[in-house]
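> can you look at this prediction? I've put the sequence above it.
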Amino acid sequence: MIRVVDDLLWRVRREGVRVPTSAAIDAVRAVRAVGFDDRETLRAALALVVVKSAREKRAFDRAFDDFFAAKARGALRDRLAAVGFSEAEIAALDGILRDLANAENLQLFLEGGSALDRVLALAGMERTLAALAGPMQRGLFVHRALDRAGATSARKTLGALRSALRDALGARGDALADALARELDASEDVIRARVDSRAEREDPPKTGPLESRALASLDRGELDEVRRAVRSFAARLRGAARVRKRRARRGRIDPHRTLRRAMRTFGVPMSPAHVRRRKDKPRLVLLCDVSDSVRDVAGLLLEFVYSAHELFESTRSFVFVSELGEATKVFRRESPENAIAAAHAIVPITGNSNYGRAFDAFIARHRDAVDRRTTVVILGDGRTNYQRDGKEAIERVRARAKRVIWICPESRARWAEGDSAMARYAESCDEVLEATTARDLEAAARRLVRI
């Protein structure tokens, strides 16, 4: 009974309800008094000792219903026995885990249930998810949650455990390691489900004009509508550029030369003199983070750039997550939306962003793409996942380029949160433009055509 109540209370804590030890002891006493026979009586008894506000009551009811609706995983030993592993094999696993370095976190992930909830609580999961703005940020926060909980470390430990099991049990050791990998997958799925649930609850109300709402809060249909608006805006800019080009062929009137020429006609300006100014089109180099957190914003920016290609002399595009790859030919053949969807063929997109590695790769392989006529545009949220930020590489690019402009899909107020390096990147750029809404993105696009 105590184990079931403990699992339930950790599930309640997962919803953000504080349950101190004293309340947990009272909850066990309440369950002893009313039993498990009548679920609604059990709900009411636990709520009396756990819930302290109307908000917590809603969270408690949600956790209570989810807990009893889900199929209990049971203890790890029981789950392994159920799929055919013997007591001797499970005992061998226990012995190896005791001797294996850094195995504690892996054991908690494998056990699941309240043990996993304790891991998440100790990792500060509520603080991690506090900045989650809506469903479009789901992928980013899944990566963050898994990293904070130690899933990557648990995976590495499982690799060492597999070798030890293979040495101890042979082929059965590999089978046991495969079963443990599935258990680890199940625990990671619990974390993903928690982020999904939080994202759905944090989905902002769909009010106000579409162009002023946060891009992270838009669904697929609304993003398509914004994409069509971006194409229309780019077409208008192209039309304005053609008008300016026609006027430029004739040039502007030069008043000084016109007056000097008019001396031949007794001061009457019969033959106006024109000044023809040649303005070179800018060259663009784009570096786009296509990880989950900024992929949709990258798609919208590239829609603009490639719809308005007449405004630029040449454009080279590079995409990155951890590795860097050139996408210029792909974007010339495909629409930006389809090209970003195919980015996995250029760079692996399943990992975390590594700005330092990507920027170093650009300097090493493509620095000749940047000269004094080139504007370098970087699109990314500047979240380094606590890895090296590569600021020195940005400064080397800035020394070669006409301008370096960073377009960030996060507001300036969040640049000091967690693993954001945007405050440091801003020192190495000529401009940083915020693009949290479609209106911001349009302003950034207007800025690009004025460079």
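Great, that's in hand.
> assumed residue 287 was part of a strand.
Yes: using DSSP: H, G, I helix; E, B strand; the rest coil, the assignment for residue 287 is a strand.
> correct me, but it touches residue 369?
No: applying C-beta atoms under 8 Å, one finds residue 287 not in contact with residue 369, separated by 10.5 Å. From N, CA and C alone the C-beta is placed, and that goes for glycine too.
> for residue 75, which residues are in contact?
residue 111 (C-beta atoms under 8 Å, 6 or more residues apart in numbering).
> and residue 1, how far from residue 379?
54 Å (C-beta to C-beta, to the nearest Å).
> comparing the two, which residue is more hemmed in?
Comparing residue 1 with residue 379 by other C-beta atoms under 10 Å, the one with more neighbours is residue 379, at 24 against 10.
> what about the more buried one, distance to residue 448?
In terms of C-beta to C-beta, residue 379 sits 11 Å off from residue 448.
> go on, residue 408?
Distance, residue 408 to residue 448, using C-beta to C-beta: 15 Å.
> please apply the same query to residue 274.
In this view, residue 274 and residue 448 are 29 Å apart by C-beta to C-beta.
> same check, this time on residue 107
Residue 107 is 52 Å from residue 448, by C-beta to C-beta.
> tell me the SS of residue 406?
strand.
> what does residue 372 give?
Following three-state DSSP, residue 372 is assigned to coil.
> neighbour-wise, which of residue 408 and residue 448 wins?
Neighbour count, other C-beta under 10 Å: between residue 408 and residue 448, residue 408 has more, with 27 against 24.
> which ones are touching the more buried one?
The contact partners of residue 408, taken as C-beta under 8 Å, 6+ apart, are 380, 381, 382, 415, 422, 432, 433, 434, 435.
> burial check on the third one, number of neighbours?
The reference is to residue 382. Around residue 382 there are 25 residues (other C-beta under 10 Å).
> surely it touches residue 421?
Yes: look at residue 382 against residue 421 with C-beta under 8 Å: they come within range, at 5.1 Å.
> okay, and the common contacts of those two?
355, 389.
> any idea how far residue 11 is from residue 69?
11 Å.
> neighbour count for those two, which is higher?
Each of residue 69 and residue 11 has its neighbours counted (other C-beta under 10 Å); residue 11 has more, 21 against 7.
> quick one: pLDDT of that one?
Note for residue 11: predicted pLDDT of 76.
> now it: how far from residue 18?
14 Å.
> shouldn't residue 347 be in contact with residue 320?
Yes: using C-beta under 8 Å, residue 347 is in contact with residue 320, at 6.0 Å.
> correct me, but residue 48 touches residue 30?
Yes: contact criterion C-beta under 8 Å: residue 48 and residue 30 qualify, at 7.0 Å.
> higher neighbour count, these two?
Neighbours per residue, other C-beta under 10 Å: of residue 48 and residue 30, the larger number sits with residue 30, 18 against 11.
> leaving out chain neighbours, which residue sits closest to residue 265?
Nearest residue to residue 265, sequence neighbours excluded (C-beta to C-beta, 6 or more residues apart in numbering): residue 271, at 7.7 Å.
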